[in-house]
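Peer 1: model this:
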Amino acid sequence: MTPDARARTRRTAATLALLTTAVVLGGCGIRPTQVPVDAGPAPSRVPCEVAGENITPQAQPQGVPVRVYLVCASQLESVDRTARIPGGKAVDSRVQVAQALLDELQKEPSSPEHEAGFATYVRGPLMLSGPRKGDPSGTLRLNRQPEDLPTAALAQIVCTFAESRTAATDGSVLLGGPGEYAPRGYQCSAGAKERPDEAVPTLGPLPSSPSPAP
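Peer 2: Residues are numbered from 1 along each chain as shown. Reported below is the predicted structural model:
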């Protein structure tokens, strides 16, 4: 066999080997090129909206409509409920309203709220009292220091109080704790609603009210 014939034979053998390899790979289900795979539609966004017929699943007899802020999709979203606010003149009505709102925040979301993606970070027992001697008017004192609460829980409380009649005239919420620390003024800003895990805007420690003249 001449050198040219041997070269043609080697080229033919190599071509046949390549074709054979392609057939084998094709039979194994291996494709030479990648084909995009349709994984289906992207997961739908958490609705953060309770169906109309279930707006007040935790309603109580003789209650009043209230609005509280829960966490949904990493933001604060409002939920309408019905809360029972006890009457009587022995306790400041402002404190009663604030305590009723705080009680609602401490409740686990109802089934419809949970299905809509709502959660609460406010854990009890949390109780409120009115201002002490020397506190600015409108101060609410918690049985825990506000700064010790989870940031999202404090944001829930501040925004819930800020949109009720428990807030000060400038819209801030004056909160203190059980210790001797001066109360602070907290604000429910747009950023607090969008990013409740970040520090809630504060006015800083508030000066004590002057003691009445003897």
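Peer 1: all contacts plus neighbour counts: C-alpha atoms, from now on.
Peer 2: Will do.
Peer 1: other SSEs contacting whichever helix or strand residue 77 is part of?
Peer 2: Element membership for residue 77 (DSSP states H and E) is strand 75-83. Applying 3 or more CA pairs under 8 Å, 6 or more residues apart in numbering; DSSP states H and E, we find strand 75-83 packed against strand 64-72, helix 93-106, helix 190-194.
Peer 1: what about this structure, any weak spots by pLDDT?
Peer 2: Residue ranges of the chain with pLDDT under 70: 1-46, 52-62, 87-92, 169, 204-214.
Peer 1: what ranges do the strands span in the chain?
Peer 2: 64-72, 75-83, 128-129, 140-142, 173-176, 184-186, 202-205 (DSSP state E).
Peer 1: okay, now the sheet partners of the fourth one, with direction.
Peer 2: Using DSSP bridges, the neighbouring strands of strand 140-142 in the sheet come out as strand 128-129 (antiparallel), strand 173-176 (parallel).
Peer 1: just name the most buried of those strands.
Peer 2: Most buried of the strands paired with strand 140-142 by mean neighbour count (mean count of other CA atoms under 10 Å) is strand 173-176; its value is a mean of 28.
Peer 1: so which residues make contact with that one?
Peer 2: Applying CA atoms under 8 Å, 6 or more residues apart in numbering, the contact partners of strand 173-176 are 138-142, 145-146, 158, 161-162, 166-168, 182-187.
Peer 1: which of those residues are buried?
Peer 2: Buried residues within the contacts of strand 173-176, defined by neighbour count using 16 or more other CA atoms under 10 Å: 138-142, 146, 158, 161-162, 166-168, 182-187.
Peer 1: let me have the strands paired with strand 140-142 in JSON lines, extended by distance to residue 113.
Peer 2: Shown next, in JSON lines, are the strands paired with strand 140-142 (distance: least, CA to CA, whole Å):
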{"stretch": "strand 128-129", "distance to residue 113": "26"}
{"stretch": "strand 173-176", "distance to residue 113": "26"}
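Peer 1: bridged to residue 175, which residues?
Peer 2: On the basis of DSSP bridges, residue 175 is bridged to residue 140, residue 184.
Peer 1: distance of it relative to residue 110?
Peer 2: Between residue 175 and residue 110 the distance is 28 Å, computed by CA to CA, to the nearest Å.
Peer 1: which residues in this structure form helices?
Peer 2: Ranges of helices in the chain, per DSSP state H, are 3-27, 93-106, 111-115, 151-162, 190-194.
Peer 1: name the nearest residue to residue 84, ignoring sequence neighbours.
Peer 2: residue 63 (4.2 Å; CA to CA, 6 or more residues apart in numbering).
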